[in-house]
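Peer 1: This is a predicted model, with the sequence first.
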Amino acid sequence: VNSYLCCVVESEKEVENVGVESGFEVRIGVVCVEISTGDVVYGEFNDGFLRSGLEAIVLSLSPAELIFGEPLSKRTEKLLMAYAGPSSNVRVERASRDCFRDGGALAELMTLFENTTEGILEHNHDQDINDEDAREGFRELAIKGIMSMPPLAVQALAITARHLKQFGLEKIFSHHASFRPYSSNNEMCISANTLQQLE
């Protein structure tokens with residue numbers, strides 16, 4: 001049974017009249033962390049009016065906790081609250097992402113990874129590891145991983161890291177190999193309606 005912690009952020013921009021498709025274009029960033037295994041799934045995608053892409057992710061990963069990276073649109077919040085309804089055991093947290101705009105998320109994550117690598121090196125001090133080489137190796141992996149992530153996913157990761165830090169669980173992110181994009185071949189892409197019917 002999965003126990004993913006899932007953080008959702010979004011950005012909206014108004015689209016000029018393009019036939020029937022006028023209104024808002026929504027870009028959603030998601031980071032989901034399986035606390036017990038350290039598996040980190042991330043993604044950023046355009047979603048439509050019904051938020052079917054977000055719904056597919058939520059239904060396939062079945063998170064036990066949701067973090068709303070506010071501000072979220074009413075439609076996105078409605079979909080997430082329907083999933084985390086009163087009959088479910090899904091916990092909902094809210095966090096502002098205002099401090100993570102304009103590179104703030106990247107700076108927060110770099111600081112986190114530097115502090116985390118220091119802790120790992122202190123923990124492994126008895127082993128035959130050249131401290132400076134190990135420190136550089138961890139930093140390179142962290143920087144490569146974060147720089148390859150889309151911007152909204154980086155914001156969601158920063159919010160998630162800040163949330164986990166309250167519980168002393170920020171070291172989960174020190175294992176870069178567990179980071180993977182949602183669109184990888186490990187997931188089967190079927191519609192949200194089909195997923196519900198299979199349950």
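Peer 2: Looks like it came in fine. Numbering: from 1, shown residues only.

Peer 1: Would you enumerate the residues in contact with the spatially closest residue to residue 84 that is not a sequence neighbour?
Peer 2: Nearest non-adjacent residue to residue 84, counting by C-beta to C-beta, 6 or more residues apart in numbering: residue 90, 3.8 Å away. (Each C-beta comes from the backbone N, C-alpha and C, glycine too.) Listed by C-beta atoms under 8 Å, 6 or more residues apart in numbering, the contact partners of residue 90 are 63, 64, 65, 66, 83, 84.

Peer 1: Please, a ChimeraX command that selects the buried ones among those residues?
Peer 2: Only the buried entries of the contacts of residue 90 go into this ChimeraX selection, using 16 or more other C-beta atoms under 10 Å:
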select :63,64,65,66,83,84
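
Peer 1: tell me which element the nearest residue to residue 170 once chain neighbours are set aside falls in.
Peer 2: Nearest in space to residue 170, with sequence neighbours left out and distances taken as C-beta to C-beta, 6+ apart, is residue 164 at 5.2 Å. Secondary structure assignment for residue 164, by DSSP states H and E: helix 151-165.

Peer 1: Can you name the element that comes right after that helix?
Peer 2: Past helix 151-165, further along toward the C-terminus, the next helix or strand under DSSP H and E is strand 179-181.

Peer 1: Just list what that following strand packs against, helices and strands only.
Peer 2: If contacts are counted by 3 or more C-beta pairs under 8 Å, 6 or more residues apart in numbering; DSSP states H and E, strand 179-181 sits against strand 39-47.

Peer 1: And for the strand it packs on, what's in contact with it?
Peer 2: 4, 25-34, 53-54, 57, 61, 149-153, 156-157, 172-173, 178-183.

Peer 1: how about a cut-off of 7 Å?
Peer 2: With C-beta atoms under 7 Å, 6 or more residues apart in numbering as the test, strand 39-47 has contacts from 25-33, 53-54, 61, 149-150, 152-153, 157, 178-183.

Peer 1: could you give the angle of it to helix 151-165?
Peer 2: 140 degrees (axes from the mean of the first three to the mean of the last three C-alpha atoms, to 10 degrees).

Peer 1: What about residue 28, how many residues nearby?
Peer 2: Counted with other C-beta atoms under 10 Å, the neighbours of residue 28 add up to 24.
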